Structures are given as C-alpha cells and as structure tokens.
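Visitor: structure for this input, please:
(one chain, ligands or ions: 1)
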Amino acid sequence: MRATTFAAFAFALLTACSKESDTAATGALRVGFSQIGAESGWRAANTASIKAEAKKRGIDLVFLEAGGKQENQIRALRSFIQQRVDVIAFSPVVETGWQPVLEEIKQAGIPVVLTDRAVAVTDESLYECFIGSDFVEEGRRAARWLAEATKGQGVVVELQGTPGSAPAIDRKKGFEEVLAQHPGLKIAKSQSGDFTRAKGKEVMEAFLRSPEGPSITALYAHNDDMALGAIQAIQEAGRKPGTDLVVVSIDGVKDAFVAMKEGTLNCSVECNPLLGPQLFDVVEKLHRGETVARRIQTEEGMFTREQVTDAVLAGRQY
Ligand code: GZL
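Guide: Model prediction:
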C-alpha cells in the first residue's frame with residue numbers, strides 16, 4: 001500500500017474510531033443543571049436528590065451552583081449551550097430576567113425543564129415543563145393553621161423568602177388571602193430573611209426590639225431555616241417560642257421536626273425537595289422525543305408538633 005493511501009486510510013480509521021469513541025463516551029444522556037445555591041436545608045436536600053438520581057440512572061450531570069446570584073445562573077445556562085448538553089434544567093432564583101437566555105437556549109434547540117420555582121416569561125414555549133409545589137396553597141395552609149391555633153386573634157410578624165422569588169411572592173399571596181378572612185389577625189411587620197437561618201434570626205431580633213415587639217404573638221416564616229433562626233432570637237429575648245409566641249413555617253425539613261419535637265416550632269407546611277426522580281423522568285421522556293406534562297405538581301402535607309413522635313422524626317428522609 002502506497003504511503004499516502006495508507007496515511008489516508010489510517011486517518012479515516014482513527015477518525016471513525018474517535019467518532020465511535022465520542023459516541024460511546026457521549027452515549028450517556030448529558031444534562032446541565034443550574035442550582036440556586038446552598039442557602040437552606042431544603043436546598044441541600046434538593047441538590048442531593050438531583051445528584052443521586054442522575055447517578056442512579058447513569059446520566060452525565062453537569063451541576064453548577066450559583067451562590068444565590070441570577071447572573072451566575074445565566075452564565076451557567078450559557079455554558080450548557082456551549083457544551084451542547086442534551087437537556088437543560090434549573091431552579092430559577094427569581095421569577096424575572098430569564099427570557100433572553102431562554103431564547104438563546106431555544107435557538108440552540110435544547111429543551112428546558114424548570115424545577116422548584118417558576119419563571120415569568122411571555123413565551124411559554126421557552127420551557128417544556130415546570131416541576132414544583134403550589135406555593136400559594138402552602139401560604140394558605142400556614143394561615144389556616146394559624147387562624148385555627150390563635151382563634152383568629154393576634155399580632156403576626158412575617159419573614160419573607162428571597163425578594164422576587166416565586167416562593168416568596170406566592171407564599172405571601174396565599175397567606176394574606178386567608179388572613180383577610182380573619183380581621184383579628186394582623187401582620188404588624190414583614191421583611192425578607194432571604195431563606196437563611198442567620199438572616200431570619202437578625203430580622204426577628206429587630207422585630208422584637210421594635211415598639212411592636214412586646215405585642216407580637218405569632219411568626220409566619222416562608223421557610224423552616226428562617227423560623228429556626230428566629231426561634232433562637234425569641235429565646236434570647238426571654239420569650240417562649242411555641243407557647244407565648246406561636247411559630248408556623250414551610251418546608252418540613254428534619255431540623256423543623258426536631259424543633260416541633262422540642263415544642264419551639266408549632267407547625268411546618270411540607271414543601272417536598274426530593275424532585276430528582278420526577279426531573280429525570282421528564283428528561284428521559286424528552287430525550288426519547290415523547291411529550292411531557294407542562295406542569296407537574298408535588299403532593300404535600302402539613303405537620304404540627306403534636307404529630308411529631310420519635311418514629312416520625314426517625315422516618316424523615318430530609
Ligand atoms: C421552595 C424553595 C425554597 C424553600 C427554601 O420550593 O424554592 O427555597 O422553601 C429554599 O428553604 O431556600
């Protein structure tokens with residue numbers, strides 16, 4: 001065989017092998033996931049669920065955390081386009097500001113799945129599916145429990161989640177909708193604790209030091225982590241969380257169950273973070289070219305301190 005022919009043959013063979021190896025290497029479904037950050041126990045459980053499920057299914061997961069910053073999420077989404085992943089999924093830190101990057105992803109022909117939180121866009125075709133809770137109903141459940149527990153009377157303070165985030169907007173909306181039916185329950189102060197324990201404690205300290213402080217009889221926190229920080233502030237102020245100041249929050253993480261067992265937290269409305277299985281069911285369907293539901297809502301309950309036995313506590317997955 002002449003040298004040039006052999007070289008051409010060898011090159012063709014190597015290229016074919018490399019293509020073959022590329023195909024073999026990229027035989028696994030490749031998914032880019034942009035996570036908000038690590039702000040709460042809920043988020044940690046959500047991340048663990050997504051990573052564990054991808055591993056279980058042999059999915060090549062490119063997982064990027066954004067430290068709570070939208071600009072980092074947008075950068076991550078653009079990097080997924082460059083990496084030509086098969087599907088992009090993300091939990092949007094806030095509702096607005098996504099349309100341009102979602103249009104770029106659509107242009108690249110990559111399907112998008114939203115998990116946990118929704119986005120506000122004018123073109124619904126920019127994503128295939130939103131998997132997450134009904135935050136408005138979570139807020140309603142918290143208010144219904146509080147109205148029942150206080151016989152519709154009291155001075156409430158509210159720790160809101162991240163400003164502009166779907167859970168903060170909707171949990172406030174649902175809570176106020178039910179509270180409007182109980183004129184004896186008034187929200188005296190409301191401020192963001194950004195879903196973190198530290199900020200929840202700091203804001204609750206300020207509430208307690210304010211002129212309305214001595215009259216506060218109830219706290220509504222948009223997540224357990226802020227409630228747990230606030231409980232510490234209430235105790236340090238010499239008040240009794242769970243008795244002379246009732247506390248209701250949302251998530252249902254393990255630390256909330258510990259607090260309910262101790263009697264410092266009265267009620268936690270469940271918000272299920274274990275979205276990994278549902279996410280990758282949708283991702284695999286999309287990859288097979290099947291249609292998927294536009295909206296998948298997680299089923300959730302509510303827990304009060306009276307229900308929390310050692311067995312219930314031991315049985316909690318997150
Ligand atoms: C709710 C989720 C919220 C949790 C918080 O689905 O987005 O963000 O309630 C978390 O604990 O930080």
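
Visitor: from here on, just use CA atoms for contacts and neighbour counts.
Guide: OK.

Visitor: just the helices in the stretch 1-150 of the chain please.
Guide: In the stretch 1-150 of the chain, the helices defined using DSSP state H, counting those that start in this stretch lie at 3-25, 41-56, 70-82, 99-107, 135-149.

Visitor: what sits against Gly229?
Guide: By Cα atoms under 8 Å, 6 or more residues apart in numbering, the contact list for Gly229 reads Thr196, Arg197, Ala198, Lys199, Gly200, Lys201, Glu202.

Visitor: what does Asn72 give?
Guide: Asn72 makes contacts with Ala66, as judged by Cα under 8 Å, 6+ apart.

Visitor: again, only this time at 10 Å
Guide: Counting by Cα atoms under 10 Å, 6 or more residues apart in numbering, Asn72 makes contact with Ser34, Gln35, Ile36, Leu64, Glu65, Ala66, Arg78.

Visitor: also Arg78?
Guide: Arg78 touches Asn72, Arg84, Val101, Leu102, Glu104, Ile105, counting by Cα under 10 Å, 6+ apart.

Visitor: I figured the last one hits Val113, correct?
Guide: It stands for Ile105. No - look at Ile105 against Val113 with Cα atoms under 10 Å: they stay out of range, at 11.6 Å.

Visitor: check contacts around the residue nearest to Val246 when sequence neighbours are not counted.
Guide: Spatial nearest neighbour of Val246, excluding adjacent residues (Cα to Cα, 6 or more residues apart in numbering): Ala218 at 4.7 Å. The contact partners of Ala218, taken as Cα under 10 Å, 6+ apart, are 146, 150, 153-158, 185-187, 241-248.

Visitor: roughly how far does Ala218 sit from Tyr127?
Guide: For Ala218, the distance to Tyr127 (Cα to Cα, to the nearest Å) stands at 39 Å.

Visitor: end-to-end on stretch 241-251?
Guide: This stretch, stretch 241-251, spans 18 Å end to end (Cα to Cα).

Visitor: hmm, back to that, weed out the non-buried ones from the contacts of Arg78.
Guide: With neighbours counted by 16 or more other Cα atoms under 10 Å, those contain buried members at Asn72, Arg84, Val101, Leu102, Ile105.

Visitor: can you list those residues in JSON lines and add distance to Gln307 and pLDDT?
Guide: Listed next are the buried ones among the contacts of Arg78 as JSON lines, based on distance: Cα to Cα, whole Å; pLDDT from 0 to 100:
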{"residue": "Asn72", "distance to Gln307": "41", "pLDDT": "98"}
{"residue": "Arg84", "distance to Gln307": "48", "pLDDT": "97"}
{"residue": "Val101", "distance to Gln307": "45", "pLDDT": "98"}
{"residue": "Leu102", "distance to Gln307": "44", "pLDDT": "98"}
{"residue": "Ile105", "distance to Gln307": "46", "pLDDT": "98"}
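
Visitor: that'll do, ta.
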